[in-house]
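Participant: Mind looking at a prediction? Sequence and model below.
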Amino acid sequence: MFVLVAMKDLVEVKPWKFAEDRVDTVSSELNKKLANKVIHNVGLCISLYDITLLGDAMIYPGKGSCHVKVEFRFIAFRPFVDEVILGEVRSCCPEGVNVSMGFDKKGSMFDDVFIPADYLPNPSRFNRKDNLWVWEYPTEDGGSADLAIYNGEKIRFRVISETFVDCTPTTPELAGSTAAVQEESRSPYSLTGSVSEAGLGLLSWWQ
Amino acid sequence: MEVLDDQSALLSNFEVFSILKAAKQSKKHSHQNVATIVYETSSYLEKTACSKQSEEAVTKFLEALRNFKLTKSEKLQLLNHRPTSHVELHFLIAESEERFGDEDLQKLLDIVESNLPE
């Protein structure tokens, strides 16, 4: 679920931090810059793992701060395709199920997981009245038991694909800026999951 | 900023959980984003199998798995999920029935049960 990403950057150390330990200052600058941010094609950055190279501090004319070349490794959340992970059901909609990782009242680590209707166990139907998906589990006697996907339940799913969208702001077109507005609602990193295999789906189904 | 290697290593949930626990204890005053992500990730990991693991348990577990032909990602998933049934082994290990017989799968479950705490 987590990978180590090796990166290189130039970190600015402000003059009032010169007396402090250089490694600590650079580490907290890197964490401040990258923690909880998605980097395109890399994943959601969690925290700094270590610094592999700390270069010399260069001072450029016009500024009092020094700039340090750093090579470091950062922990990133990026499950590999086909990995099975545990999440919680956030909500159901006719297109599928929204799942998030670690959802509680304060927030969640990662929100953008979606299980499309095609990847739910077959046969399933959408109950419009209660707004939930129900798996019609075929029982031995030929009938079917209804297993519903309730909000807040723990769910195990397989990662089918990941999508990175480059959300860097672009200048809006002169003739109407609807394109810019649409881009804001897309998340930079989202996962598509599947629960159609045996053993996947709500934990309560398999206990 | 430049990315040198976007998959320099795979980390188990246990390793990330230990790093975040240390980060939570040592931080004097960190940025809002850092605090948020560290808190949320550790609360997520707290509820999974890795919160009960220890370094010795993980080393012993990987030693015991040496005799089985498993890929790195399969061993990682076994460590992260702590399966307790054959159904779970089936989706964690690709083609588990063809590669291992029933007794081998049961042996795997026994290794998981004995080495990784509940």
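Facilitator: Ah, there it is.
Participant: Identify the residue of chain A closest to chain B, quick one.
Facilitator: residue A:102 (2.9 Å; Cβ to the nearest Cβ). Quick note: C-beta positions are derived from backbone N, CA and C, even for glycine.
Participant: Helix or strand: which one has the closest residue to that residue other than its chain neighbours?
Facilitator: Nearest residue to residue A:102, sequence neighbours excluded (Cβ to Cβ, 6 or more residues apart in numbering or on different chains): residue B:44, at 2.9 Å. Secondary-structure element containing residue B:44, defined by DSSP states H and E: helix B:32-46.
Participant: now stretch B:60-80: mean pLDDT?
Facilitator: Averaged across stretch B:60-80, the pLDDT comes to 88.
Participant: Mind checking what secondary structure residue A:48 has?
Facilitator: Here residue A:48 is recorded as strand under DSSP: H, G, I helix; E, B strand; the rest coil.
Participant: Mind pulling up the pLDDT for it?
Facilitator: 93.
Participant: I'd say it and residue A:30 touch.
Facilitator: Yes. Here residue A:48 reaches residue A:30: they are 5.3 Å apart, a contact under Cβ atoms under 8 Å.
Participant: okay, and the common contacts of the two?
Facilitator: A:72, A:74 (Cβ atoms under 8 Å, 6 or more residues apart in numbering or on different chains).
Participant: Name the nearest residue to residue B:3, ignoring sequence neighbours.
Facilitator: Nearest one to residue B:3, counting by Cβ to Cβ, 6+ apart, is residue A:7 at 5.3 Å.
Participant: and that neighbour, what does it touch?
Facilitator: A:71-74, B:1-4.
Participant: Select only the buried ones of those in PyMOL?
Facilitator: To isolate the buried subset of those in PyMOL, counting by 16 or more other Cβ atoms under 10 Å in any protein chain shown, use the following:
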select buried, (chain A and resi 72+73+74) or (chain B and resi 3)
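Participant: which residues touch the residue of chain B found nearest chain A?
Facilitator: Chain B approaches chain A most closely through residue B:44 (2.9 Å), counting by Cβ to the nearest Cβ. The neighbours of residue B:44, taking Cβ under 8 Å, 6+ apart as the test, are A:101-102, A:108-109.
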